[in-house]
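Novice: Please work out how this folds:
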Amino acid sequence: MEISANLVKELREKTGAGMMDCKKALKETSGEFEQAVAYLRQKGLASANKKLTRQAKEGIIEAYTHTGSKLAVLVEVNCETDFVARRKEFQELSKNIAMQIAASPSVIYVRYEDIPTEFIEREKQIEMGKEDLKNKPAPMQEKIVQGRIEKTLRNYCLFDQPFIKNQDITIEELIKQTVSLLGESIKVARFTRYVLGQYS
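Specialist: Residues are numbered from 1 along each chain as shown. The predicted structure is shown next:
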């Protein structure tokens, strides 16, 4: 059966589970909302969002060097306890995140919320000045520009990237799955990408 995007969004907002998990839950329960909520709770996915808000001060710094040694990434991934930091699932997640950053040259921020206001305003001015908008009414210009900016800015954010090993989920959803599995808050604190010969 066809599941509407609005229903998926509503379920996501109520449970905090990833978009793909919500879609699957609705399909499994033939679109029955409350049954889908129960399905996600049984799977342990509904509480992932709450766990993400808890403090995470332990963790690891993961290093990844791409074949040929001309590109490397350092990423700090945090969790709540040293016990979880030593878990193979947490370390595998950290490796996957480092590889994702290496494979995503446009990514410069962890989350959409991290993008500075002045950066967003600059992108807006660039879009507003484009030739194809000049003859359109102001409200339409605003709507088009908003859509374009959203798409552009999401390309800069790690959490919004489709996971390189499974394009059906984003990095944010991958992290939420690991949060559900390990039962602790997990955060990507910061990352640095090193490209041979680039110093800026």
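
Novice: Past the one helix or strand in the chain whose mean pLDDT sits lowest, which element shows up next along the chain?
Specialist: Comparing helices and strands within the chain by mean pLDDT, DSSP states H and E singles out helix 48-52 as the least confident, with a mean of 59. For helix 48-52, the following helix or strand on the C-terminal side (DSSP states H and E) is strand 58-65.

Novice: what's in contact with the helix or strand just after that next one?
Specialist: Sequence-wise, the next helix or strand beyond strand 58-65 is strand 71-79, with elements assigned using DSSP H and E. Counting contacts by C-beta atoms under 8 Å, 6 or more residues apart in numbering, the residues outside strand 71-79 that touch it are 56-66, 85, 90, 93-94, 97-99, 101-102, 182, 184-196. Any C-beta I mention is one placed from the backbone N, CA and C, and that applies to glycine too.

Novice: Next, the buried residues of the helix or strand following strand 71-79.
Specialist: For strand 71-79, the succeeding helix or strand toward the C-terminus, using DSSP H and E, is helix 82-85. For helix 82-85, the buried set under the neighbour-count rule, 16 or more other C-beta atoms under 10 Å, comprises 84-85.

Novice: and helix 82-85, what does it pack onto?
Specialist: strand 58-65 (3 or more C-beta pairs under 8 Å, 6 or more residues apart in numbering; DSSP states H and E).

Novice: coming back round to it: buried subset of the contacts of strand 71-79?
Specialist: For these, buried by 16+ other C-beta under 10 Å: 56, 58-60, 62, 64, 85, 90, 93-94, 97-99, 101-102, 182, 184-188, 191, 193.
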